[in-house]
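Undergrad: Next come a sequence and a model predicted from it.
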Amino acid sequence: MANPVLVEITRGPRVESFHRGSIAIVDADGEVRLGLGDVAAPVFPRSAIKIFQALPLVESGAADRAGLSDAELALACSSHNGEEGHVAAARSILAKSGATERALECGPQWPALGPDQDRLRRDHAQPSALHNNCSGKHAGFVCAVKHLGYPLEGYVREDHPLQVQIHAILTELTGASLGADVCGIDGCSIPTWAIPVERLAAAFAKVASGSDLAPGRAAALKRLRKACAAHPFEVAGTDRFCTDVMGHFGAVAYVKTGAEGVYCAALPDLGLGVAIKIDDGATRGSEAVIAAVLQTLVARSSEDRSFLDRWARQPVETRRGVVAGTIRPADSLAEALAGL
């Protein structure tokens, strides 16, 4: 079946284009409170599940042994811009682990922002693995691997003990069957597993509530979630939705983007988990949907709603800054959210 239109882009009085997708909101009891589209279809969550991939770092005691700060734990869950602060934090995690950037197997990547790119060019330097948006996660992997005594080389491979451990974590938290038929390779070279949207939302409901988890795992997820809320810049960076939203709402909303139109969230005060997949992979679509969800479930003031309008009803502007249209939630999404 075709997924419903979740987001419309208008120009003048007409809808010019749109984004189809699926969304699930699940509560702490595992009940699907809202499901639009084919929420049983497996999708690659990509970077949206980095908080789960960081669990071995905390649960093994590696983070404490290395003396990692909360800001460094937030970076381990990040998809960052490669700004100077991000690079420094990734380098610090490695140094505390007794490693250097040569241990990273995520590959080099240019920073996301022009000023950081220009800085490298002025220095006649090339981007390194530290600039990779996943370098914090990989630095956390290196820290965990060295603490656990696993082989360092090849820690990105599907059969490496660390990735086997992460696979078991994902299987437990989502309740999904994650076989070879749903395994791919993520952009940073680690395995990525396609998981049904409703199962992703259920896993993030556990992040929100700690329900159905062993006390140690619930505590580790809470620690990581709170670290991200306290240090939102490390999670993404300048002019990024994840950073701006957690900077505004704090621990009330943990939000995390993934590539190709994925967004996930944990709402601790409500015990809810949210998962979104935009069919065409457009980030503008996933941000508009998660902003609309937050306006319905989290916003408590006109200031909150106005803040979220930056994404939920983002203007489409001409080159001269004239508003020509709007990126907005489709009526079907707005009506479904209103019924929550």
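TA: Right, received. Where do you want to start?

Undergrad: going forward, measure contacts between C-alpha atoms and count neighbours the same way
TA: Will do.

Undergrad: Count the residues that sit near Ala208.
TA: Residues within reach of Ala208, counting by other C-alpha atoms under 10 Å, total 27.

Undergrad: Pop out the phi and psi values for it.
TA: phi -70, psi -40 (degrees, to the nearest 10).

Undergrad: likewise Arg91?
TA: phi -60, psi -40.

Undergrad: Likewise for Gly35?
TA: Per-residue torsions, Gly35: phi -140, psi 120 (degrees, to the nearest 10).

Undergrad: which non-adjacent residue is nearest it?
TA: Ala24 (4.5 Å; C-alpha to C-alpha, 6 or more residues apart in numbering).

Undergrad: Check Lys226 too.
TA: Closest to Lys226 by C-alpha to C-alpha, 6+ apart is Ala251, at 6.2 Å.

Undergrad: Quick one: residues contacting that neighbour.
TA: Residues near Ala251 by C-alpha atoms under 8 Å, 6 or more residues apart in numbering: Arg225, Lys226, Ala229, Ala230, Pro268.

Undergrad: which strand in the chain runs the most residues?
TA: Longest strand of the chain, by residue count under DSSP state E: strand 14-26.

Undergrad: State the pLDDT value of Met1.
TA: Met1 carries a pLDDT value of 70.

Undergrad: Are we agreed that Val7 is in a strand?
TA: Yes - membership of Val7 in a strand is supported by DSSP: H, G, I helix; E, B strand; the rest coil.

Undergrad: Name whatever forms a beta bridge with it.
TA: Here Val7 sits in beta bridges with His19, Pro329, as judged by DSSP bridges.

Undergrad: Could you count how many residues lie near it?
TA: With other C-alpha under 10 Å as criterion, Val7 counts 28.

Undergrad: Equivalent analysis for Ala176, please.
TA: With other C-alpha under 10 Å as criterion, Ala176 counts 16.

Undergrad: go on, Arg121?
TA: Residues near Arg121, counting by other C-alpha under 10 Å, number 12.

Undergrad: Can you show me the helices along the stretch 1-150 of the chain?
TA: For the stretch 1-150 of the chain, helices defined by DSSP state H, counting those that start in this stretch occupy the ranges 50-53, 55-59, 62-66, 70-76, 84-97, 114-122, 135-148.
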